[in-house]
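Make a model of this:
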Amino acid sequence: MNEVKEGEVYRHFKGPFYYIICVGLDSETRERMVVYKHLDNSGTICVRSETMFLEEIPERPDNITGQKHRFERIDNLKDYNLSK
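Prediction:
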């Protein structure tokens, strides 16, 4: 995984799904920042550095998805009975 792109859907290692609104730049550091929205009833919008968004996570008991990375792209939402 190299870059997050607008319009993609990702799953957090704890289970929830998120829609990528856009990727911007931190005005001071020029670091890529991911702006994403929870795909639940809250619709909360969050921002996180792309580096942290895509980082590998250590083995931990709350990793209910068994993912290697904090967020992983979902290619086929039909597999999860979820739509954008």
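
so what pLDDT did the nearest residue in space to Tyr19 that is not next to it in sequence get?
Computed as CB to CB, 6 or more residues apart in numbering, the closest residue to Tyr19 that is not its neighbour in sequence is Lys37, at 4.9 Å. C-betas here are computed from N, CA, C, even on glycine. Predicted confidence (pLDDT) for Lys37: 96.

Against Glu59, how distant is Lys37?
29 Å (CB to CB, to the nearest Å).

Partner strands of the longest strand seen in the chain, with direction?
Ranked by residue count under DSSP state E, the longest strand found in the chain is strand 17-25. Strand 17-25 sits in its sheet next to strand 9-12 (antiparallel), strand 32-38 (antiparallel), going by DSSP bridges.

Could you list the low-pLDDT ranges of this protein?
Scanning the chain for pLDDT under 70 picks out 1, 78-84.

what are the ranges of the helices in it?
Here the chain has its helices, by DSSP state H, at 50-53.

which residue of it sits farthest from its center?
Within the chain, Glu28 marks the point farthest from the mean C-alpha position, 22.9 Å out by CA atoms, centre = their mean.

quick one on the thing from earlier: the residue nearest to Tyr19: neighbour count?
Per other CB atoms under 10 Å, the neighbour tally for Lys37 reads 16.

so how far is Asn2 from it?
Taking CB to CB, one finds Lys37 at 22 Å from Asn2.

residues in contact with the residue nearest to Tyr19?
Tyr18, Tyr19, Ile21, Gly43, Thr44, Ile45, Cys46 (CB atoms under 8 Å, 6 or more residues apart in numbering).

Okay, and the beta partners of the spatially closest residue to the third one that is not a sequence neighbour?
The shortest distance from Ile21 to any residue that is not its chain neighbour, by CB to CB, 6+ apart, is 4.5 Å, and that residue is Val35. The bridge-partner assignment for Val35, based on DSSP bridges, gives Cys22, Val47.

ok, Val35 touching Ser49?
No. When contacts are counted by CB atoms under 8 Å, Val35 is not listed as touching Ser49 (11.3 Å).
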